[in-house]
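Enquirer: I'll drop the sequence and a predicted model, then ask my questions.
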Amino acid sequence: MQHEFDVISAARNWRFNGIAAPTPTDMVTEVFATDVLTMEQLRLRLSKPVWHSLNATIERSHAIDPSIADTVALAIKTWAMEKGATHYTHWFQPLTGSTAEKHESFVMPTPDGSAISQFTGRELIQGEPDASSFPSGGLRATFEARGYTAWDPTSPAFIMHHHNGATLCIPTAFASWTGEALDLKTPLLRSMDALNTSALRALRLFGDLDVQKVGSTVGAEQEYFLVDEEFAYRRPDLVMTGRTLFGARPPRGQELEDHYFGSIPSRILTFMTEAENQLYALGIPVKTRHNEVAPGQYEIAPMFEQSNVAADHQQLVMQVLRNTARRYGLMCLVHEKPFAGINGSGKHVNWSMSTNTGMNLLDPGDTPHENMLFLFFCSAVIRAVNVHQDLLRISVASASNDHRLGANEAPPAIMSIFLGDDLSGVFDRLVDGSKSSVKKRSGLLGLGTPVLPTLPQHASDRNRTSPFAFTGNKFEFRAVGASQSISFPITVLNTIVAESVDVLTTAIETRMKKKQTFEAALQTVLKETYAANRVIVFNGDGYSDKWQKEAAKRGLLNLKSAVDAFEQLTSEQNSELFSRNSVLTHRELEARQEVMFDQYFKTINIEAETTEWIAQTQLLPGIIRYLSDLNRSAAGLEAVGNLKDEIENKVSTLYQALSVLRAKNAELGGDNVHSKSLHMRDNVLPAMTSVRQAADALEKICSYEHWPLPGYREMLFIK
């Protein structure tokens, strides 16, 4: 029997179809942002008054002047058509977590039967996509279709090319007819305003009158897997759910630790290079590429950008990776856990705060114990993470990320902060009242031979087990899942830090009103803040069972499942926080909670029905054919009889497990998405696990020719 999939074909039958080699002129500096309508491009195309008005909106958050809309729209259209665009779209981020677009042509018929190109200010500023079929959590009923997209001038327009043309993409927010946010960008922009207001207030207290704007900056690393299409499209589970619902562990996984930072295969490196060239043209400053820990796993990482731009760019990174992979006969997987038994994929969000004058507020400088501004903002972050552990956990909660968080490859579901010994020592001395200065390391690391240079040594080591780690001049939020939008995690970070900055600023002002000097008030507030929140600081091994027990003693939250986390979103504290900072109303927050439960329920429901379908229509028939062939080819042999008995016992186990899953799938768990989610977590997921365990045991003893699915051996190692 010839197998449906061909390992040899997968290894050799791919080509650089239609892929031109870069020319010497395709230098990064020449390609970078060529498909982006940069501020410099706009400056060259607009009059000075229009330019200054638009620049004030972008740089200083002034309200957009509607009177300049037609002029700006004409400049944008002219630039886009010069780049080959025939259509435009308002590009937005609905609550699906991905992006959405509706293309409109520039062509406008005229009465004489000809046509002109047209793009007005109204078309630039506002669009009207149908809002009824996007997740809204009840903000929009199905029969209430009207929704609006609104131009975000702080995120530049860009061109997306395809084989027969190009489209102008205009980043926008998405709201209902009643003005409520239906997307991920609107709350993000609001949270940026909240952080700016709080940080400016604090800086004025420190005597800084020069800074006019403070924003959060983000660099989001992206982990992903690549699988040959020869195998991927013969796996209904990968096609339908993005992860393998079956698959026995191969003899070799990541045990040899030889894939991490290993030599990148030629096919993969060529794919990476083309993807990077597209990302450079879109103005995305990708900096790093390498093999990740698991076989078949890779990473791409950009440099820091303004939060909302970084969130837009992160969506484009995933889109470009997926589309480009197809050109190389590959499927790109960004699911958090596409393969069991090996590392899953995260999206580490590196977060900091910077001013329009170029100052990083989380840079400790050479002497962190003397840099009181840094200690102030760092204290605010520490307080924010401790007080709002639940929100940080909620921001990364999903059905897919539940497979990853807490495993020995990713941060635990318990939120904590890693500061490192030196910075922890600074705060400990502040609380303990010690006047001795913190002694820095020599700063040089010798390597034992004069041939090798001495290396600059960082003040602390890195902690890969911490969900929220200080890494020199930023915090790395490592719990974010590979497939999710980074917009909501950033929104949460901006909002909780804005609140903490306000709390600390008010505390200092209160003390100063009582005639305490600023320096004395600052030191007292920093001391009290760290003393009250130091329980969140943990510099040890987050993977250990010891930490689970220690965290419980400290009273830290351990929301192990996404459902546990979602339930906390609309608490009185969270509702008041988002409302007070004008980020989300209580109704908008309730809607998001509804969407979270709904997506969790539907994700697992799709996986469970796919599991049932594959087991019933592919795995059982394949193993039964194997039994039939055994009967015909080797009747009477004792070894064959023993094998048949073993297979029949395991088939019986699989069928019993499948019967249980079928029954659980038939029950949806109630009338609301909360109860349905609980049913999926408590009943359906265990039933799926039982089916998988039985099937994976059969895969290990079934003949290769009869097992209908490509296995981990093929998918992970053949490129």
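Expert: Yep, that arrived. For clarity, every value in this text was computed on a predicted model and none was experimentally measured. Numbering: from 1, shown residues only.

Enquirer: And the pLDDT for Val497?
Expert: Val497 is assigned 98 on the pLDDT scale.

Enquirer: Which element is encountered next along the chain beyond the helix or strand harbouring it?
Expert: Taking DSSP states H and E as the criterion, Val497 maps to helix 487-513. As assigned by DSSP H and E, the chain's next helix or strand after helix 487-513 is helix 518-533.

Enquirer: Give me the residues contacting the helix or strand following that next one.
Expert: The helix or strand immediately downstream of helix 518-533 is helix 545-554, counting by DSSP H and E. Outside of helix 545-554, the residues within contact range by CB atoms under 8 Å, 6 or more residues apart in numbering are Pro412, Ile414, Ser416, Val535, Phe538, Gly540, Asp541, Asn558. Just so you know, the C-beta spots here come from the backbone N, C-alpha and C atoms, and that holds for glycine as well.

Enquirer: For those, pick the one with the most neighbours.
Expert: Ranked by the number of neighbours (other CB atoms under 10 Å), these place Ser416 first, at 27 neighbours.

Enquirer: That one reaches Val537, doesn't it?
Expert: Yes: Ser416 is within contact range of Val537, at 7.1 Å (criterion: CB atoms under 8 Å).

Enquirer: Torsion angles phi and psi at Trp177?
Expert: phi -60, psi -30 (degrees, to the nearest 10).

Enquirer: and it, how many neighbours?
Expert: 14.

Enquirer: bridging residues for the nearest residue to it once chain neighbours are set aside?
Expert: Spatial nearest neighbour of Trp177, excluding adjacent residues (CB to CB, 6 or more residues apart in numbering): Arg146 at 4.1 Å. Bridge pairing for Arg146 (DSSP bridges) gives the partners Asp130.

Enquirer: distance of Arg146 from Gly711?
Expert: Computed as CB to CB, to the nearest Å, the Arg146 to Gly711 distance reads 50 Å.

Enquirer: the more surrounded of these two?
Expert: It is Gly711, of Arg146 and Gly711, that has more neighbours when counted by other CB under 10 Å, with 21 against 13.

Enquirer: wait, what's in contact with the more buried one?
Expert: Gly247, Ala248, Pro250, Glu699.

Enquirer: Looking at these, which gets the smallest pLDDT?
Expert: Pro250 (88).

Enquirer: Need the three-state assignment for the residue nearest to Leu203 when sequence neighbours are not counted.
Expert: Closest residue to Leu203 apart from its sequence neighbours, by CB to CB, 6+ apart: Val211 at 5.3 Å. Following DSSP: H, G, I helix; E, B strand; the rest coil, the label given to Val211 is coil.

Enquirer: Point out where this structure drops to low pLDDT.
Expert: Scanning the chain for pLDDT under 70 picks out 1-27, 130-132, 140-145, 255-256, 369, 406-410, 434-464, 634-639.

Enquirer: Longest strand in it, by number of residues?
Expert: strand 165-176 (DSSP state E).

Enquirer: Using CSV, write out the CA atom coordinates for it.
Expert: The C-alpha trace of strand 165-176 is given here as CSV (Å, rounded to 0.1, in the frame of the first residue of the first chain):
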residue,chain,number,x,y,z
GLY,A,165,-1.8,45.0,-8.1
ALA,A,166,-1.7,46.7,-4.7
THR,A,167,-4.0,48.0,-2.0
LEU,A,168,-3.7,51.1,0.1
CYS,A,169,-4.3,50.2,3.8
ILE,A,170,-5.4,52.9,6.2
PRO,A,171,-5.1,51.9,9.9
THR,A,172,-8.3,52.7,11.6
ALA,A,173,-10.3,52.3,14.8
PHE,A,174,-13.7,50.5,14.7
ALA,A,175,-16.7,51.6,16.7
SER,A,176,-20.5,50.9,16.9
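
Enquirer: Which neighbouring elements make contact with it?
Expert: helix 69-82, strand 85-91, strand 147-151, strand 158-162, helix 185-205 (3 or more CB pairs under 8 Å, 6 or more residues apart in numbering; DSSP states H and E).

Enquirer: check contacts around Ile508.
Expert: Neighbours of Ile508 in contact, by CB under 8 Å, 6+ apart: Leu205, Phe518, Ala521, Leu522, Val525.

Enquirer: helix or strand for Met108, which one?
Expert: Per DSSP H and E: strand 107-109 holds Met108.

Enquirer: what does that strand contact?
Expert: Thr86, Ala115, Ile116, Ser117, Gln118.

Enquirer: after it comes which helix or strand?
Expert: Assigned by DSSP H and E, the successor of strand 107-109 is strand 115-117.

Enquirer: show me where the stretch 201-350 of the chain has strands.
Expert: For the stretch 201-350 of the chain, applying DSSP state E, counting those that start in this stretch gives strands covering 214-220, 222-228, 286-291, 297-302, 305-306, 330-333, 349-355.

Enquirer: ok so, going back, now the helices and strands packed on strand 165-176 in a markdown table, with distance to Thr241 and mean neighbour count?
Expert: Formatted as a markdown table, the helices and strands packed on strand 165-176 follow (distance: least, CB to CB, whole Å; neighbours: other CB atoms under 10 Å):
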| stretch | distance to Thr241 | mean neighbour count |
| --- | --- | --- |
| helix 69-82 | 37 | 19 |
| strand 85-91 | 26 | 22 |
| strand 147-151 | 29 | 23 |
| strand 158-162 | 27 | 18 |
| helix 185-205 | 27 | 22 |
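
Enquirer: Turn these into TSV, including distance to Val660.
Expert: Shown next, in TSV, are these (distance: least, CB to CB, whole Å):
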stretch	distance to Val660
helix 69-82	56
strand 85-91	44
strand 147-151	42
strand 158-162	46
helix 185-205	41
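
Enquirer: out of these, nearest to Ser571?
Expert: With CB to CB as the criterion, Ser571 lies closest to helix 185-205 of the helices and strands packed on strand 165-176, at 17.3 Å.

Enquirer: packing partners for that closest one?
Expert: strand 165-176, strand 214-220, helix 307-327, strand 349-355, helix 372-387, helix 487-513.

Enquirer: between the first one and strand 85-91, how big is the angle?
Expert: I take that to be strand 165-176. 20 degrees (axes from the mean of the first three to the mean of the last three CA atoms, to 10 degrees).

Enquirer: Also the fifth one?
Expert: Between the axis of helix 372-387 and that of strand 85-91 there is an angle of 70 degrees, by the same axes, to 10 degrees.

Enquirer: Check the last one too.
Expert: Comparing the axes of helix 487-513 and strand 85-91 via the same axes, to 10 degrees yields an angle of 50 degrees.
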